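Visitor: Okay, here's the prediction I keep looking at, along with the sequence it came from:
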Amino acid sequence: LFKLKNKRKGLTISFFVYLLFIINHTFSQNIDAYDLLITEIMSDPKPVVGLSEDEFIEVYNNSITSINLSEITIQIGAKLFVPESFLLKPDSFIVFWDNNIPTLKNGGDSIKITCKNNTIHRVDYTPSLHNSSYKSSGGWSLELIDFKKPCLTKNNWSSSVNNTGGTPGSLNSITAELNP
């Protein structure tokens, strides 16, 4: 915002500039590939290890600006979900729980975040991404290991090692920098 010496005109111009700033940052975002990442998936919460008996998808804001989630679409298989309006701050997580998202298939599926028909991030998950057959039978989430290489699928997803079975809304229990 800026101020002019003429207080009446300055107030009008300051308000107009402020309004343009709000409109630009709230309604017309440019969300690029990998600005939002799918970072954790709980497709089979049974048997319960320590978390609630709910499926969930965790999304991370990997950009340097807040993102209004009402501008994105999350596609699970063929079903679409548009989140409510919420500004997700940079370097933060949001968890979409069972009652807000289409059912996640235990045997695997595709999860895709899009904005204006552009793919932001996509994950094709299967139980084989778990690092043990015990954890693949339920109760443990899949976690993205290296946020800097989100397009890698093989060896970039693994079962949570947290004793509750997952880390929804928090930093993943497994983090590492992977070599492609």
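Guide: Happy to help now that I have it. Note that this is a predicted model, so its numbers are computed, not measured. Numbering: from 1, shown residues only.
Visitor: can you give me the helices for the chain?
Guide: For the chain, applying DSSP state H gives helices covering 7-27, 133-136.
Visitor: By mean pLDDT, show me the worst of the ones you listed.
Guide: Least confident of those, judged by mean pLDDT, is helix 7-27 with a mean of 51.
Visitor: For this structure, give me the ranges with low pLDDT.
Guide: In the predicted model, the chain carries pLDDT under 70 at residues 1-28, 180.
Visitor: try 80
Guide: Scanning the chain for pLDDT under 80 picks out the ranges 1-29, 152-154, 179-180.
Visitor: Report the central residue of it.
Guide: What sits nearest the mean C-alpha location of the chain, by C-alpha atoms, centre = their mean, is residue 59, with 1.4 Å.
Visitor: so that residue makes contact with residue 36?
Guide: Yes: between residue 59 and residue 36 there is a contact at 5.5 Å, judged by C-beta atoms under 8 Å. Placement of C-beta: from N, CA and C, glycine included.
Visitor: where do the contact lists of those two overlap?
Guide: 88, 113 (C-beta atoms under 8 Å, 6 or more residues apart in numbering).
Visitor: give the contact list for the residue nearest to the centre of the chain.
Guide: 36, 37, 38, 39, 69, 74, 88, 93, 94, 95, 96, 113.
Visitor: Quick check: bridge partners of the first one?
Guide: I take that to be residue 36. Legend: beta-bridge partners of residue 36 under DSSP bridges are residue 61.
Visitor: List the contacts of it.
Guide: Going by C-beta under 8 Å, 6+ apart, residue 36 touches 59, 60, 61, 62, 63, 67, 72, 88, 113, 120, 121.
Visitor: With the third one instead?
Guide: Counting by C-beta under 8 Å, 6+ apart, residue 38 makes contact with 57, 58, 59, 111, 113, 121, 122, 123, 144.
Visitor: Please identify which pair of those residues lies farthest apart.
Guide: Greatest spatial distance among these (C-beta to C-beta): 58 and 122, at 15.2 Å.
Visitor: more neighbours, the two?
Guide: Shown here are residue 58 and residue 122; by other C-beta atoms under 10 Å, residue 58 has more neighbours (23 against 16).
Visitor: can you tell me which residues contact the closest residue to that one other than its chain neighbours?
Guide: Closest residue in space to residue 58, ignoring its immediate chain neighbours: residue 40 at 3.7 Å, by C-beta to C-beta, 6 or more residues apart in numbering. By C-beta under 8 Å, 6+ apart, residue 40 lies in contact with 56-58, 95, 141-144, 160, 166-168, 172.
Visitor: Good, we can wrap up now.
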